[in-house]
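Novice: pasting the sequence and the predicted model now:
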Amino acid sequence: MCGIVGYTGTKNATPILIDGLDTLAYRGYDSAGIAVWNGTDIVMRKEKGQLQNLKDILKNDPISGSCGIGHTRWATHGEPSYINSHPHGDDKKQLVLVHNGIIENYVRLKAMLQERGCKFVSDTDTEVVAQLLGDLYHGDPIGAITESMRLIEGSFALAILFRDDPYRIYCVCKDSPMVVGYGKDGAHIASDIPAMLAYTRDVTFMGDKQIAVLSPEGIAFYDEFGTPIDKGSTHIDWDLDAAKKGSYEHYMMKEICEQPVAFRKTAEQYVNFKSGKLKADCFPWSDEDAGAVKRIRIIGCGTAYHAGLLGKLYFKRLAGIPCESEIASEFRYSGYEFEPGELLFVISQSGETADTIAAMRMAKAAGVRTVAVCNVIGSTIAREADEVLFTYAGPEIAVAATKSYLTQVTVLFLAALRLAQVRGRIDDARSRELIDGLAAVPAAMESILAKKEKIQYFSSREFSARHVFFIGRGADSALAMEAALKLKEISYIHSEAYAAGELKHGTIALIEEGTLVIALVTQPSLAAKTASNIEEVRVRGANVLAVTNGPMPDVESHCASVWRIEKTDELLAPFTAIIPMQLFAYYMAVQKGCPVDKPRNLAKSVTVE
Ligand code: G6P
């Protein structure tokens, strides 16, 4: 999705803006632009396509100045083009701005402004904001911003340069993230934390409709009525290198390999491995609270939804609590009526996914207690949920989620274990067994990563596959969904996940000689059933690869290839079994020459509906 950066201070703004846009590029974009005050005027450079195109333009036609804003655009209103790329300005040439989000009433506002004589050059909703602000501007930037906010409907994060106040950047946002921070050479703004890390780790998250005014001397904040307010800052301890690729060819491979550490860091927040006990005070439930939970609902989008599917299984099997996991964009329009005693888990790596935020707000409005599982301190979801169980994955840059999924599943498992303990559903011996099992997970992951060439070799033989089916039962069915999503999003190979027993009710018609079927068989209690389903596709010509939980001769005998994870409790198997699936998707995409970290049409953080 779109990215915003801005800087005002003592240095040349252009390299700082370009560096920030480079850092934000992982979010997905199709054009980029900057605007800089060069001492006499605000000058813009923008271009369609990769950031390199903008860099090439700047090489031939540089701009320099100490105050500027920049943007990467992911098209929503109007095709990706030079004209539609940001920054946009007003007719009277009083200001330029960049915008993230969607202005929902832009058609109405545009008609009103056209009647007043405004001439539009682009198809964007953003230009409507620029023209509106231009129309309302009479020398008082904050006045114009507060007034425009009363007219605009939708979501926005805006960074604005006024020509007659050229060393200040005015920022405002609603339902679209924005952080500001003051570094040693001036003030910075960004739509995402990694773009700030090179300058400061102490950042301030902007609240809805709050205004920030950045100047070389500092940052001032105002509420939606223009009244000055104080805002504190949050220290971000992600280090700079965590958001860099290092010696890895792709962020995705780096992030896959970081999973043993991400898992350990996350688990250690909630578990004392020495005593083999959960850290009870890290969970938000008193005995009374835990007993009062009647039902759990989990919402998320994409990979976060898939983590929720495993969470559902854990809450049901471990804690004995009825649980459903739903896609946030469906749930919010489902007309669902919450019942007393329901608890809503909100899963989101970024904490900024528009549909997930909306579903969470719906629950809060209904008086339902919300618990976020989130990776970003200070994000909207982390701020608004009643409680937050943080994941400690560090910054995740590749669009395809890997370590965030793993850590989300980890937190959901531990939350279920905690509820199981408080509700008396599990005895000490079984709890200890599971915690000891968790302690062994990082080593089991490392042993898969150490043999990743085996998966690379397999992928080198299979990368021309046109369809891949993933099958499994129970937890494996949830894992299969995540495995299929990974493969399709980065390799563009059509892939489907099916509950193994459901295949014969239709989808088996698609199996023909050589079709690749990946059977996840990490649940010993269901293995015999899945083995029958494997046989059903094998006899119809499928080329079956099984992922097994240790040696499983009765399953392996039906399969052309086998990848084993280290034998473990079936509740813990998903932590390791997802890794070969991620590696498989990665190598298939690399073999096909796909842009692994930034797959076509996708964005890392989906801040629009
Ligand atoms: C996008 C990303 C996915 C992610 C989903 C939810 O679709 O490409 O990788 O799973 O958003 O994101 P969240 O930040 O809410 O976990």
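Specialist: Arrived safely. Since the structure is predicted, the reported quantities are computational estimates derived from the model, not experimental observations.
Novice: which positions within stretch 257-268 qualify as buried?
Specialist: By 16 or more other Cβ atoms under 10 Å, the buried positions in stretch 257-268 come out as Cys257, Glu258, Gln259, Pro260, Ala262, Phe263, Arg264, Lys265, Thr266, Ala267. Quick note: C-beta positions are derived from backbone N, CA and C, even for glycine.
Novice: helix, strand or coil: sort out the fifth one for me.
Specialist: Going by DSSP: H, G, I helix; E, B strand; the rest coil, the secondary structure assigned to Ala262 is helix.
Novice: quick revisit: can you redo the buried residues of stretch 257-268 as TSV with distance to Lys279 and pLDDT?
Specialist: What follows is the buried residues of stretch 257-268, written out as TSV (distance: Cβ to Cβ, whole Å; pLDDT from 0 to 100):
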residue	distance to Lys279	pLDDT
Cys257	27	97
Glu258	23	96
Gln259	22	98
Pro260	21	97
Ala262	18	97
Phe263	16	98
Arg264	15	97
Lys265	14	96
Thr266	12	97
Ala267	10	98
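Novice: so where is the protein shaky, pLDDT-wise?
Specialist: 239-243 (pLDDT under 70).
Novice: which positions in it make contact with the ligand?
Specialist: 301-304, 348-350, 353, 356, 399, 401, 602, 604-606 (Cβ under 6 Å from any ligand atom).
Novice: contact partners for the closest residue to Gly117 other than its chain neighbours?
Specialist: Distances taken as Cβ to Cβ, 6 or more residues apart in numbering place Asp91 nearest to Gly117, at 7.8 Å, with adjacent residues excluded. Listed by Cβ atoms under 8 Å, 6 or more residues apart in numbering, the contact partners of Asp91 are Gly117, Cys118, Lys119, Gln131, Gly134.
Novice: distance check, the residue of the stretch 151-300 of the chain found nearest the ligand against Ile327.
Specialist: Proximity of the stretch 151-300 of the chain to the ligand (Cβ to the nearest ligand atom) peaks at Gly300, 6.2 Å away. From Gly300 across to Ile327, the span is 8 Å (Cβ to Cβ, to the nearest Å).
Novice: among the two, which residue is more densely surrounded?
Specialist: The neighbour comparison of Gly300 against Ile327 (other Cβ atoms under 10 Å) goes to Gly300, with 28 against 18.
Novice: tell me the contacts of that one?
Specialist: His306, Ala307, Gly308, Ser325, Ile327, Ala328, Val346, Ile347, Ser348, Thr353, Thr356, Gln408 are the contacts of Gly300 under Cβ under 8 Å, 6+ apart.
Novice: equivalent analysis for Gly232, please.
Specialist: By Cβ under 8 Å, 6+ apart, Gly232 lies in contact with Thr204.
Novice: which ones are touching the closest residue to Phe413 other than its chain neighbours?
Specialist: Nearest residue to Phe413, sequence neighbours excluded (Cβ to Cβ, 6+ apart): Tyr314, at 5.2 Å. Counting by Cβ under 8 Å, 6+ apart, Tyr314 touches Leu412, Phe413, Ala415, Ala416, Leu417, Leu571.
Novice: tell me the SS of Tyr314?
Specialist: Here Tyr314 takes the helix state, with states given by three-state DSSP.
Novice: look up how far the ligand lies from it.
Specialist: Using Cβ to the nearest ligand atom, to the nearest Å, one gets 18 Å for the distance from Tyr314 to the ligand.
Novice: among the residues of the chain next to the ligand, which ones are in helices?
Specialist: Thr303, Ala304, Thr356 (DSSP state H).
Novice: which stretches of the stretch 151-300 of the chain form helices?
Specialist: With DSSP state H, counting those that start in this stretch as the criterion, the stretch 151-300 of the chain has helices at 251-257, 259-270, 287-292.
Novice: quick check: next helix or strand after the helix or strand hosting Ser459?
Specialist: In this assignment (DSSP states H and E), Ser459 forms part of helix 452-462. Once the chain leaves helix 452-462, the next helix or strand it forms, by DSSP H and E, is strand 467-472.
Novice: which strands or helices does that following strand pack on?
Specialist: Here strand 467-472 touches helix 475-491, strand 494-499, strand 516-521, helix 527-538, going by 3 or more Cβ pairs under 8 Å, 6 or more residues apart in numbering; DSSP states H and E.
Novice: what's the most buried one of the ones you listed?
Specialist: Greatest average neighbour count among those goes to strand 516-521 (a mean of 28), per mean count of other Cβ atoms under 10 Å.
Novice: that one pairs with which strands?
Specialist: strand 467-472 (parallel), strand 543-549 (parallel) (DSSP bridges).
Novice: turn those into JSON lines, columns for mean neighbour count.
Specialist: Output for the strands paired with strand 516-521, formatted as JSON lines (neighbours: other Cβ atoms under 10 Å):
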{"stretch": "strand 467-472", "mean neighbour count": "25"}
{"stretch": "strand 543-549", "mean neighbour count": "24"}
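Novice: and Glu104, which of these is closest to it?
Specialist: strand 467-472 (37.8 Å; Cβ to Cβ).
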